[in-house]
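make a model of this:
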Amino acid sequence: MGTAVGRDQLELKIFSTLFDTPLDAPPPAAAPVKARISAHVRIVATEIKVEDRIAKAADFRGSFTTTTETRVDALEVYCRACRRS
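Coordinates of the predicted model:
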């Protein structure tokens, strides 16, 4: 047979290690911070006229390949990370 545990005993166990660390102890070491990338990666937003079959394939795959010497007009240029011009 087990012994009955009172509610006050359970509550005391939860906070039993609260005062184990002295108040004048140094704080725990912080996790290393990743270096922030300062270089901007420029993205060009554009519209390209394509045939229906290429549009369907691009919609399915998420990408497509253009033919060589295809002229592309840039509608907007911005940084991928910060979304600024």
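
hey, let's count contacts and neighbours off CA atoms from now on
Noted.

does residue 76 belong to a helix, a strand or coil?
Under the three-state scheme (DSSP: H, G, I helix; E, B strand; the rest coil), the conformation of residue 76 reads as strand.

and it, bridged to which residues?
Beta bridges link residue 76 to residue 45, judged by DSSP bridges.

that one against residue 46, yeah?
Yes: at 7.0 Å, residue 76 counts as touching residue 46 under the criterion of C-alpha atoms under 8 Å.

give me the pLDDT value at residue 22.
At residue 22, the pLDDT value in this model is 79.

can you tell me how far it sits from residue 29?
Distance check for residue 22 against residue 29: by C-alpha to C-alpha, to the nearest Å, it reads 16 Å.

now the strands: where do they sit in this protein?
For the chain, the strands defined by DSSP state E occupy 42-46, 74-79.

could I get these as JSON lines with mean neighbour count and mean pLDDT?
What follows is the strands of the chain, written out as JSON lines (neighbours: other C-alpha atoms under 10 Å; pLDDT from 0 to 100):
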{"stretch": "strand 42-46", "mean neighbour count": "13", "mean pLDDT": "90"}
{"stretch": "strand 74-79", "mean neighbour count": "12", "mean pLDDT": "90"}
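
CSV for the ones you listed, including distance to residue 67?
CSV is the format used below for the strands of the chain (distance: least, C-alpha to C-alpha, whole Å):
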stretch, distance to residue 67
strand 42-46, 16
strand 74-79, 17
